[in-house]
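Peer 1: could you look at this predicted model? Sequence included:
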Amino acid sequence: MSDFTKEFQKAYKLINESHYILIVTHINPDADTLSSALALSNYMYRNNINHKVYNSSKYLPRNLDFLPRFDKITDTVPKSYDLIIYVDCGDKRRVGFEFNYTCKVINIDHHQSNDNYGDINIVDSDKGSTAELLFGFFKNNEIKITKEIATCLYIGIYDDSIAFTTPRTNSKTFEVINTLVTTNIEIPKILESYLMRETLAKYRLLPKILQTLELYFEGDIAIIYQKQEWLDITGATFNECDEVVNEILKIAIVKIAIYLREDNNNIRISLRGKDDIKIDLSKVANTLNGGGHKNAAGATLSGVSIQQATTRLLDTFKNYI
Ligand SMILES: [Mn+2]
């Protein structure tokens, strides 16, 4: 476990010396990237630090709209800024493009694949979420964890740890949660806002995806996919069924679940593995120019069909199984 005390102090100093800060979140944003960014944003707002939270995606997950300052997230890059803070971006291109800048960069992340692209790197792959790692920034710099900040960090940790069940969830995680809870965050309300506002469209799309389920390698690997045209038919959005990959991992015999999504000319691939798998899925993803963690990784293939992507994946797994 790394100690980032110095980096947290350096980051704090740099934030306070900067004139305009751009906080950058990754494409296909999840709770961790947005809540980490908004935790920082709520701190900065309270302290009159000029900043923007940026995300390049067309759609933000609406079930995160209860996060304080969610409505301030923008897809417009400001004209000038002198500090970029990447949160939860395992690769600096995960923003959707590569920023052209000469300013300083703080890189806060927990992906194994992160190559320390920042001037200040707070990268700890032992942490189950960027939100949990970011808690150290507030704690080390004796910044008051407000209810707003705590609400953000809670949902980031909750979601990336799949409700505190992933291998990297440990006593430190619960120490953080304990501190967050003391700010009187309303957990049942937060979770109801986050989990119980699904669209009907999602439940029209889900059966179509589940219908595609195929098992390979004697059931060790399960593959499902989402066709782009189904989004128009059902009215669902691209990421709306993402957690279906975790659902098929629940099948007793399945060890690795794979979810393919058509996205214009690309096939986006999500890989999920049970705790005791012998394969490091981030290595498999690496061979496809992707990345991630041992039990959760992803990649994007261009110019191929779902069938071709499936064949390529199965060929890759042949070398590992
Ligand atoms: Mn994360």
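Peer 2: It's in. Bear in mind the structure is a predicted one, so any value in this text is a computation, not a measurement.
Peer 1: which non-adjacent residue is nearest Glu98?
Peer 2: Nearest non-adjacent residue to Glu98, counting by CB to CB, 6 or more residues apart in numbering: Lys92, 6.5 Å away. Using the backbone N, CA and C atoms, a C-beta is placed for each residue, glycine as well.
Peer 1: give me the neighbour count for the one you found.
Peer 2: When neighbours are counted by other CB atoms under 10 Å, Lys92 registers 20.
Peer 1: quick one, what contacts it?
Peer 2: By CB atoms under 8 Å, 6 or more residues apart in numbering, the residues touching Lys92 are Tyr86, Glu98, Phe99, Val105, Asn107, Tyr117.
Peer 1: may I ask which two of those are separated the most?
Peer 2: Greatest spatial distance in those: Glu98 and Asn107, 13.9 Å, computed using CB to CB.
Peer 1: the more surrounded of the two?
Peer 2: When neighbours are counted by other CB under 10 Å, Glu98 and Asn107 differ, and Asn107 comes out ahead with 24 against 9.
Peer 1: nearest residue to the more buried one in space, please, no chain neighbours.
Peer 2: Gly118 (3.0 Å).
Peer 1: if I pick the one you found, what's in contact with it?
Peer 2: Tyr86, Val105, Ile106, Asn107.
Peer 1: so which of the residues you listed is the closest to the ion?
Peer 2: Ranked by distance to the ion (CB to the ion), these are led by Tyr86 at 11.9 Å.
Peer 1: return the set of residues that bridge with the closest one.
Peer 2: On the basis of DSSP bridges, Tyr86 is bridged to Val24, Asn107.
Peer 1: which pLDDT does the model give the residue nearest to Glu98?
Peer 2: pLDDT, Lys92: 91.
Peer 1: what about it? Give its phi and psi, please.
Peer 2: When quoted as degrees, to the nearest 10, the phi and psi of Lys92 stand at phi -70, psi -10.
Peer 1: closest residue of the protein to the ion?
Peer 2: Asp32 (3.4 Å).
Peer 1: right, and the helix or strand after the host helix or strand of that residue?
Peer 2: Under the criterion of DSSP states H and E, Asp32 resides in helix 31-46. As assigned by DSSP H and E, the chain's next helix or strand after helix 31-46 is strand 51-54.
Peer 1: output the contacting helices and strands for that following strand.
Peer 2: On a contact count with 3 or more CB pairs under 8 Å, 6 or more residues apart in numbering; DSSP states H and E, strand 51-54 meets strand 21-24, helix 31-46.
Peer 1: could you dump the ones you listed to TSV with mean neighbour count and mean pLDDT?
Peer 2: Formatted as TSV, the helices and strands packed on strand 51-54 follow (neighbours: other CB atoms under 10 Å; pLDDT from 0 to 100):
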stretch	mean neighbour count	mean pLDDT
strand 21-24	24	97
helix 31-46	26	98
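Peer 1: dump these into a markdown table; add distance to Ile321 as well.
Peer 2: Below are those laid out as a markdown table (distance: least, CB to CB, whole Å):
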| stretch | distance to Ile321 |
| --- | --- |
| strand 21-24 | 37 |
| helix 31-46 | 30 |
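Peer 1: of all the ones you listed, which one comes closest to Ala222?
Peer 2: Using CB to CB, the nearest of the helices and strands packed on strand 51-54 to Ala222 is helix 31-46, at 24.4 Å.
Peer 1: can you show me the CA trace of the closest one as CSV?
Peer 2: Presented in CSV, the C-alpha positions along helix 31-46 are these (Å, rounded to 0.1, in the frame of the first residue of the first chain):
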residue,chain,number,x,y,z
ALA,A,31,-20.1,6.7,-10.7
ASP,A,32,-16.4,6.6,-9.6
THR,A,33,-15.1,9.1,-12.2
LEU,A,34,-18.1,11.5,-11.8
SER,A,35,-18.3,11.3,-8.1
SER,A,36,-14.6,11.8,-7.6
ALA,A,37,-14.7,14.9,-9.9
LEU,A,38,-17.7,16.3,-8.1
ALA,A,39,-16.2,15.7,-4.7
LEU,A,40,-13.3,17.9,-5.8
SER,A,41,-15.7,20.3,-7.4
ASN,A,42,-17.7,20.7,-4.2
TYR,A,43,-14.5,21.4,-2.3
MET,A,44,-13.4,24.0,-4.9
TYR,A,45,-16.8,25.7,-5.1
ARG,A,46,-16.8,26.2,-1.3
